[in-house]
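>>> what follows is a predicted protein model with its sequence.
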Amino acid sequence: MKKIACITGTSGQDGSYLADLLLNKNYVVVAADRRSARSDNWRHKYLNIEKKLIYENFDLTDQGSIDRLIKNYKFDEFYNLAAQSFVGSSFNTPISTSEINGMGVLRILESIRLNSPKTKFYQASTSEMFGKTSNSYQNEQTIFYPRSPYAVAKTFGHYIGQNYRDSFGLFISNGILFNHESPLRGEEFVTRKITIGMSEIFYNKKRFLELGNLDAKRDWGYAKDYVEAMWKMLQQKKSDDFVVSTGQSHSVSDFINQCCKLLGIQIKWKGKGINRVGINLKTNRVIIKVNPNLYRPAEVDYLRGSSKKAKSKLKWKVKTNFKQLVKIMLDADLDRVKKSY
Ligand code: GDD
């Protein structure tokens, strides 16, 4: 008998890679998305999986739609990846973000508890929950200090999962994933914004790129590696929480420097904070500017994860390092930009 899995948020980066992984493992995969997200299935086309998925309408704010889906399929595994995933916009839409990223998790858990208690559940928790951390590494024991409505809602989702696991004995695993990127990343996130922007600058289609806080540091890994960890979490005997990260931290400007290196652009940085600019030494032109409007009301300055537990218990390991990741993303965008003009 084939296993049957549900993925919410399948139209996104992680949902697409995970769907591909599960299809390759011979699962039946139900893609549960809002109807409006369905039109945005360029990632499914890119991975050539759109004809292999069963699409179902589903809305995290609508209990009826969740109940119908869970009662109907009684899934073996349920991966909740749907979210309002852009931290920056959660400051403008805090209530709907909380409804989806926080209460949405509880709605699914209630439905699983009442209708299909054997379903194994994966919750996409996030390193954003660590927020204003003072630890040089963050792991499963690190205290949360969320810094955005996005992170506060995700922290609720994380804790309610722990609570349902303890209270009702359900199989619920939280994956505390650090930032993970790829050529399938949305263009609003900083890594894709940089790889697209630098590709356009390289082909003289753009003069400069405007960004926010260049000093923020993140632990960036490759999304394709990270979805394997999600799956492994649901193959364990016992459910648990796991940090998934590379253990390396780089600033936004490091990411730009690495792109410049690959493109053969010599960049010189001048000024500090909002006055900082990046200059192409060969042309003497400013190619990076800071726009203070792109700063967040509260920032997460530094993230660096320790995924020792995932390494030892899940036998998961980092396959793609920072330099390889930047190259994969930049090559894909150079190609896209070249073809689109
Ligand atoms: N998006 C964006 N755009 N971020 C910028 C910009 C810009 O122009 N300039 C600087 N940054 C900084 C942000 O202030 C932040 O500190 C950092 O770059 C990374 O921003 P994002 O790429 O938007 O990601 P994120 O860290 O806020 O959140 C992502 O990772 C989380 C995991 O830790 C998202 O994928 C979340 O959904 C996820 O939970």
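Perfect, thanks for sending it.
>>> contacts, neighbours, all on C-alpha from now
Will do.
>>> next SSE after whichever helix or strand Gln258 is part of?
Secondary structure from DSSP states H and E places Gln258 in helix 252-263. Downstream of helix 252-263, the first helix or strand assigned by DSSP H and E is strand 267-270.
>>> and the helix or strand of the chain at the bottom of the mean pLDDT ranking, what's buried?
Lowest on mean pLDDT, DSSP states H and E among the helices and strands of the chain sits helix 35-38, with a mean of 77. Residues Arg38 are the ones in helix 35-38 that count as buried (16 or more other CA atoms under 10 Å).
>>> what's the answer for stretch 185-196, then?
Going by neighbour count (16+ other CA under 10 Å), the buried part of stretch 185-196 is 185-186, 190-196.
>>> which residues touch Gly175?
Contact analysis of Gly175 by CA atoms under 8 Å, 6 or more residues apart in numbering lists 122-126, 230, 233, 241-244.
>>> confirm that Thr320 sits in a helix.
No. Counting by DSSP: H, G, I helix; E, B strand; the rest coil, Thr320 is not part of a helix but coil.
>>> surely it and Asp225 touch.
Yes. The criterion here is CA atoms under 8 Å, and Thr320 meets it with Asp225 at 7.4 Å.
>>> tabulate the buried residues of stretch 185-196 (a markdown table), appending distance to the ligand and secondary structure.
Below are the buried residues of stretch 185-196 laid out as a markdown table (distance: CA to the nearest ligand atom, whole Å; DSSP: H, G, I helix; E, B strand; the rest coil):
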| residue | distance to the ligand | secondary structure |
| --- | --- | --- |
| Arg185 | 9 | coil |
| Gly186 | 9 | coil |
| Val190 | 4 | helix |
| Thr191 | 6 | helix |
| Arg192 | 8 | helix |
| Lys193 | 7 | helix |
| Ile194 | 8 | helix |
| Thr195 | 12 | helix |
| Ile196 | 12 | helix |
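>>> just the closest of these to Thr93, please.
Gly186 (18.4 Å; CA to CA).
>>> list the contacts of the closest one.
By CA under 8 Å, 6+ apart, the contact set of Gly186 is 12-13, 192.
>>> where along the stretch 1-150 of the chain do the helices fall?
13-24, 35-38, 42-47, 63-73, 87-90, 94-98, 104-115, 149-168 (DSSP state H, counting those that start in this stretch).
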